[in-house]
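Enquirer: Sharing a model that was predicted from the sequence below.
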Amino acid sequence: MSVQPEQQPALALNTTVRIGLERTIRGQITAICIRATGITYEVVWWSESQRRCEWLSAAEVAAEEGHETMELGHYL
């Protein structure tokens, strides 16, 4: 008997998200990393003419309406 992997939804690559305490910064997901502690997203945004890039937890990003998700079960 084979065990089916648990399906876990994640935001899709290139999804526009809002970050920051007030969720006023708009960024884009450019990579996804599956860690033992959960999923993290590499988010890129521009701030004062400088490109920023950070790895953020799922709790630190909020997708805009109409975003796409994907299932990561076969990777877990």
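Expert: Cool, the structure landed.

Enquirer: Check which helices and strands the helix or strand where residue 46 lies sits against.
Expert: Element membership of residue 46, judged by DSSP states H and E, is strand 38-47. Counting by 3 or more CB pairs under 8 Å, 6 or more residues apart in numbering; DSSP states H and E, the packing neighbours recorded for strand 38-47 are strand 16-19, strand 25-35, strand 50-57. For glycine as for every other residue, the C-beta is placed from the backbone atoms N, C-alpha and C.

Enquirer: Go through stretch 52-64 and flag the buried ones.
Expert: Neighbour-count burial for stretch 52-64, with 16 or more other CB atoms under 10 Å as criterion, is recorded at 60-61, 63.

Enquirer: Just the closest of the residues you listed to residue 15, please.
Expert: The closest of these to residue 15 turns out to be residue 63 (CB to CB; 5.6 Å).

Enquirer: Identify the bridge partners of that closest one.
Expert: For residue 63, the beta-bridge partners are residue 17 (DSSP bridges).
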